[in-house]
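In: Only the shape, not the letters, is given here:
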């Protein structure tokens with residue numbers, strides 16, 4: 001267990017209630033003797049706003065994260081209703097962490113982004129696109145609204161809604177699922193995390209989306225390679 005001696009704070013600037021809650025958390029920590037400092041210099045980064053705020057900030061700082069969201073949050077360790085009890089425990093007893101797997105995406109040999117939830121290729125103009133997907137040595141071709149590659153953390157979110165399995169959080173595997181495939185020609189598949197995947201489309205109206213936060217336009221025929229990332233996200237155990 002590590003003692004909480006210093007903390008940094010990040011909140012969603014688009015949510016006024018998140019800014020107010022962040023101020024309360026900050027004051028609570030300071031009253032308990034925790035030094036408030038800049039991100040990168042603290043023992044823990046406190047993120048206030050929800051899963052989306054965590055996903056947006058996950059790659060900006062390499063430090064343990066404690067996130068406060070709403071009752072709908074899956075990744076955040078606490079909510080606006082119960083954060084005080086959880087933070088008090090951490091301040092008194094110290095904290096342990098767990099590491100969550102991420103997926104890396106390369107295009108042309110360059111890593112574009114890392115994803116804690118999922119990497120998605122999807123249609124931009126609300127029409128099906130042609131998709132070519134390689135899972136290991138197995139290749140599939142089909143039409144769909146898109147295809148996603150999900151970590152165990154993300155398996156309970158978009159992937160689950162697309163018919164995928166909910167994986168154990170620390171499973172050494174990830175999942176590939178199509179988004180509304182024509183005639184259900186591609187069914188969700190779970191693969192070992194040592195397996196690399198690739199996907200591309202000849203459509204000129206496809207986006208590459210990371211965790212629902214970062215969007216890149218895809219060039220027709222660009223080969224997207226998906227693999228387990230060398231990076232992880234470190235979360236404080238509540």
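Out: That came in fine, so what should we check first? Just so it is clear, the structure is predicted and the values come from calculations on it, not from any experiment.
In: partners of the one helix or strand in the chain whose mean pLDDT sits lowest, with directions?
Out: Least confident element among the helices and strands of the chain, by mean pLDDT, DSSP states H and E: strand 110-115 (a mean of 94). Within its sheet, strand 110-115 is paired with strand 97-107 (antiparallel), according to DSSP bridges.
In: Show residues contacting the least confident helix or strand of the chain.
Out: 59, 102-106, 119, 149, 151, 154, 208, 210-211, 214, 216, 229, 231 (CB atoms under 8 Å, 6 or more residues apart in numbering). Bear in mind the C-beta positions are built from the backbone N, C-alpha and C, glycine included.
In: and if we set it to 7 Å?
Out: For strand 110-115, contacts defined as CB atoms under 7 Å, 6 or more residues apart in numbering pick out 59, 102-106, 151, 208, 210-211, 214, 216, 229, 231.
In: I only care about those residues that end up buried; give me the PyMOL line for that.
Out: Buried subset of those, written as a PyMOL selection, criterion 16 or more other CB atoms under 10 Å:
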select buried, resi 59+102+103+104+105+151+208+210+211+214+216+229+231
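In: Output the contacts of strand 110-115 in TSV; the columns should cover pLDDT and distance to residue 92.
Out: Shown next, in TSV, are the contacts of strand 110-115 (pLDDT from 0 to 100; distance: CB to CB, whole Å):
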residue	pLDDT	distance to residue 92
59	91	31
102	98	31
103	98	36
104	97	38
105	97	41
106	96	44
151	98	32
208	98	44
210	98	37
211	98	33
214	96	37
216	96	44
229	97	34
231	96	31
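In: re the thing from before, quick one: name whatever helix or strand follows the least confident helix or strand of the chain.
Out: Per DSSP states H and E, the first helix or strand lying C-terminal to strand 110-115 is strand 118-123.
In: how big is the angle separating that next one from strand 97-107?
Out: 30 degrees (axes from the mean of the first three to the mean of the last three CA atoms, to 10 degrees).
In: I'd like the next helix or strand past strand 118-123.
Out: Assigned by DSSP H and E, the successor of strand 118-123 is strand 129-135.
In: any idea which helix or strand comes after that following strand?
Out: Strand 129-135 is succeeded, C-terminally, by strand 138-144 (DSSP H and E).
In: Tell me the gap between that next one and the middle of its chain.
Out: 25 Å (CA atoms, centre = their mean, to the nearest Å).
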